[in-house]
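Engineer: below is the sequence, then the predicted model.
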4 protein chains.
Amino acid sequence: MAVGKSTVRRTWRRRAEARPDEILTAALDEFIACGFDAARMEDIAARAGVTKGAIYLYFEGKEALLRALIEREVAPFAERLEAAADAGLADPAGTLRQLAQIINVVIGQSRIFAIPILVVSISNRFPDLAQHYRERVVARGRAALERLIRRGVELGQFRSVDPAAAARAMMGPIMFEMIWTHALKGPGGRDGAWLANHFDILLNGISRQEDP
Amino acid sequence: MAVGKSTVRRTWRRRAEARPDEILTAALDEFIACGFDAARMEDIAARAGVTKGAIYLYFEGKEALLRALIEREVAPFAERLEAAADAGLADPAGTLRQLAQIINVVIGQSRIFAIPILVVSISNRFPDLAQHYRERVVARGRAALERLIRRGVELGQFRSVDPAAAARAMMGPIMFEMIWTHALKGPGGRDGAWLANHFDILLNGISRQEDP
Amino acid sequence: MAVGKSTVRRTWRRRAEARPDEILTAALDEFIACGFDAARMEDIAARAGVTKGAIYLYFEGKEALLRALIEREVAPFAERLEAAADAGLADPAGTLRQLAQIINVVIGQSRIFAIPILVVSISNRFPDLAQHYRERVVARGRAALERLIRRGVELGQFRSVDPAAAARAMMGPIMFEMIWTHALKGPGGRDGAWLANHFDILLNGISRQEDP
Amino acid sequence: MAVGKSTVRRTWRRRAEARPDEILTAALDEFIACGFDAARMEDIAARAGVTKGAIYLYFEGKEALLRALIEREVAPFAERLEAAADAGLADPAGTLRQLAQIINVVIGQSRIFAIPILVVSISNRFPDLAQHYRERVVARGRAALERLIRRGVELGQFRSVDPAAAARAMMGPIMFEMIWTHALKGPGGRDGAWLANHFDILLNGISRQEDP
DNA sequence: AATGAATGAGGCTTCATTCAT
DNA sequence: TATGAATGAAGCCTCATTCAT
């Protein structure tokens, strides 16, 4: 009985504690679907299963929603990239090939890769968010790729290329795939081979030419 | 007298005829600066040196402004790319290196490379514009690069890679540079060497290895 | 154990019984500080040390709070005035001078003299409250002053003025002092001599001229 | 014909130029009727014969409306008081009696005497407006009365009272009449004799006692 | 008796668009 | 062709009030 009571209460509590996250997820969906300005608070609320006013119990306003969202999504985004890269320092070439395949799959499946596009589209009006993203995600992702490439050079897998330039060269195709998939919505791109192909070409470009 | 009158009239006419273009340019600037939704008709008008109402003499409304803008900018954009590519079919490798340098310079100088970002940021709400852009610019640009690469393979400059894949791989860095320059506004990128570096790596990746 | 329990309970009860009064006091403070409309139920609750919902256990709503407040404050306000006046019927002139001094001190010390201003500022929207105040406080206060003056005339302290007019003439400075102190917040007025001065002049105006 | 055209245009222009004033007048009416917070922009607009949005062509918002209103009303208010007072420096006693009668009449006729009540009721939330009013109207009005009384003393009409104290004593009844008329709306007060009576008593209080 | 999450009506303000001149 | 006053729909946000716990 006492247990029953506690359970009930817990249900109630759990909802209240989960609200901010539910709202943020709803906001992400709306922002991606309509853009920051065209997204209506009421639609975000509806998507989260609450009413307009409820959002303001947890967030100061629309801009706060955007900021909290970036905050919530950006760190894991960067960390996943880094962790995956650093876990494969023993075999840089193989790891880069794997990364290409994984990213290719995830891009098609997860909403998370729509976030960079959201960030880009609001970057002129929220320069600090753009900066945050640049430093937390792009810079860290590039640094992780750089570490892989530098190690590949040390191991003799790659030629002695400039790791920074090579890492940067790899960001391009990733961004292109995101935009192609989530914004321009080009057809046929989702067969999963493209990014791997791009990386192959890049890897070819930096690899040691062992066989003539 | 007649001369005077005619002169005055001509001046006046010229302005009147130039209006739509001035307005579109103003609109482009505002759209890039604030995004489509946040751009105010009044600010566009002010930038163009007219009043709000005058815009409606030439355009149906805000969305029409956007469409006309894309229309006006997209075709030349694609044609310039194509012309430059096709003019260099005699030396694909050299042409691609040149293209990288030219694009790199133009990206930093011209507002024109902010247009793709604008298109991307509104693509979810105006899918037809996205499609238009995809087909008119991205697809044609890719096809032009493809022709270059195919010719390079025929000439023996490049290995027998898949021209489509290689062309696509080259779009990524271009897009990255645009976004980095016009949206994320990363520092230090505008030294002009990066895109050339990326292309070098890619060209390395597809080039025939003449020297062992 | 029983004792402990009862003690706890009593403490608890006492608080519960005190709640309505605490809430009303908090409401008065907020109403005075912000006005009726701008006062927020949440701030009233916070001032009273409870949560928003608790107020509704004791009062129907915001307007009920206002009415209860006027009810609670108005009667004692009037009664104090009356009692003080009637207690001094033996020496009207002296009593009026004393009243001036007492009021002057209390105006500066107590929130109670901010109530008339509150009433005035909401009087157009709650005419019944205004009427209530008019009849319960202003009219009774004036009547008390009138009795004093009439007695003064009878005693030969004052000339045979119209007691009603003279009483009314004395309300003005009091109101002016309240407004000056609690609303317009003029500087320097709180030295305590002004109201006495005003009354002196008024008393001079109605006093018998014993000395030629 | 040319005249006709010009007339039409003038009509149009005149309306546009008159708008701010019409809106302010409407705002004053609403603010007095409902108080600042309860007054709705839409009702103000309706009273002015325009739509909500039109107000924002001329004023920044609701608070700006209030400020412009005070600005517009306060100066003439003070100037009229001063001019009337200074015009009568030759006969202070008579002038003060006249002033009492004039004010008494105007209080009953004009909305202008509801402004002090409006100011008082918002003074806690807009302290700068209160200060402005205090300095521009109350202080100047008091100074004008002071000049009259000082001159009266010099001329021998009045005893050698403190002019500042006497002037201040005269403000009270005026304020009381305003509040009584426009806020508490006491019945029967508008017979026009009261303020004159108050002033008589005050004048008696400060006058030289020529007859024993 | 008390909490605090949630509601929803309603206000202020903005801005694309229209239209008389 | 051009103006700019005016509209009115729509969005953000607040807050008095309710209610499950």
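Structural biologist: Great, that's in hand.
Engineer: could you chop chain A up by domain?
Structural biologist: A:1-59, A:70-212 (automatic domain parsing).
Engineer: what is the mean pLDDT for the shortest one?
Structural biologist: Just to be clear, that refers to domain A:1-59. Across domain A:1-59, the average pLDDT comes to 81.
Engineer: tell me how far it is from the chain's mean position?
Structural biologist: Remark: domain A:1-59 is offset 22 Å from the chain centroid, using C-alpha atoms, centre = their mean, to the nearest Å.
Engineer: check the domains of chain A for me: which has the lowest mean pLDDT.
Structural biologist: When I compare the domains of chain A, domain A:1-59 is least confident, with a mean of 81.
Engineer: so is it next to chain C?
Structural biologist: No: using C-beta under 8 Å from any C-beta of the partner chain, we find that domain A:1-59 stays clear of chain C, coming within 12.0 Å at best. C-beta here means a position set from N, CA and C on the backbone, and glycine is covered the same way.
Engineer: burial check on whatever residue of chain A ends up closest to chain D, number of neighbours?
Structural biologist: Closest contact between chain A and chain D, by C-beta to the nearest C-beta, is at A:G61 (18.1 Å). If you count neighbours by other C-beta atoms under 10 Å in any protein chain shown, A:G61 ends up with 10.
Engineer: ok, A:G152 next?
Structural biologist: 26.
Engineer: so how far is B:F176 from the spatially closest residue to A:F158 that is not a sequence neighbour?
Structural biologist: Spatial nearest neighbour of A:F158, excluding adjacent residues (C-beta to C-beta, 6 or more residues apart in numbering or on different chains): A:G152 at 4.1 Å. A:G152 is 21 Å from B:F176, where distance means C-beta to C-beta, to the nearest Å.
Engineer: distance of whichever residue of chain A sits closest to DNA strand E from A:I23?
Structural biologist: Closest residue of chain A to DNA strand E, C-beta to the nearest atom of the strand: A:G53 (2.0 Å). As judged by C-beta to C-beta, A:G53 and A:I23 stand 12 Å apart.
Engineer: the more surrounded of those two?
Structural biologist: Taking other C-beta under 10 Å, A:G53 and A:I23 do not tie; A:I23 has more neighbours (24 against 9).
Engineer: distance between the strand or helix carrying A:M170 and the chain's centre?
Structural biologist: In this structure, A:M170 is located in helix A:163-178 according to DSSP states H and E. The chain centroid and the centroid of helix A:163-178 are separated by 14 Å under C-alpha atoms, centre = their mean.
Engineer: who are the packing partners of it?
Structural biologist: helix A:92-109, helix A:115-122, helix A:139-155, helix A:194-206, helix B:163-182, helix B:194-206 (3 or more C-beta pairs under 8 Å, 6 or more residues apart in numbering or on different chains; DSSP states H and E).
Engineer: compare those and give me the one nearest D:E146.
Structural biologist: helix A:115-122 (62.5 Å; C-beta to C-beta).
Engineer: tilt between the closest one and helix B:115-122?
Structural biologist: Put simply, helix A:115-122 runs at 110 degrees to helix B:115-122, going by axes from the mean of the first three to the mean of the last three C-alpha atoms, to 10 degrees.
Engineer: can the helix or strand following helix A:115-122 be said to contact chain B?
Structural biologist: The element immediately downstream of helix A:115-122 (helix or strand, assigned by DSSP H and E) is helix A:127-133. Yes: with C-beta under 8 Å from any C-beta as the criterion, chain B is reached by helix A:127-133 at A:127, A:130, A:133.
Engineer: so how far is helix A:127-133 off the chain centroid?
Structural biologist: 15 Å.
Engineer: buried residues in that helix, which are they?
Structural biologist: A:129-130, A:132-133 (16 or more other C-beta atoms under 10 Å in any protein chain shown).
Engineer: greatest separation within those: which pair is it?
Structural biologist: A:A130 and A:H132 (7.2 Å).
Engineer: residues contacting A:I112?
Structural biologist: With C-beta atoms under 8 Å, 6 or more residues apart in numbering or on different chains as the criterion, the residues that contact A:I112 are A:73, A:77, A:106.
Engineer: which residues of chain A lie near chain D?
Structural biologist: Residues of chain A lying near chain D (C-beta under 8 Å from any C-beta): none found.
Engineer: how about the residues of chain A by DNA strand E?
Structural biologist: Residues of chain A lying near DNA strand E by C-beta under 7 Å from any atom of the strand: A:15-16, A:19, A:50-54, A:56-57.
Engineer: between these, which is closest to B:R208?
Structural biologist: For the residues of chain A next to DNA strand E, the nearest to B:R208 is A:R19 (60.8 Å; C-beta to C-beta).
Engineer: next SSE after the helix or strand containing that closest one?
Structural biologist: Using DSSP H and E, A:R19 maps to helix A:2-34. The first helix or strand that comes after helix A:2-34 along the chain, using DSSP H and E, is helix A:41-48.
Engineer: is any part of that following helix close to chain B?
Structural biologist: No: counting by C-beta under 8 Å from any C-beta, chain B is not contacted by helix A:41-48; separation bottoms out at 13.4 Å.
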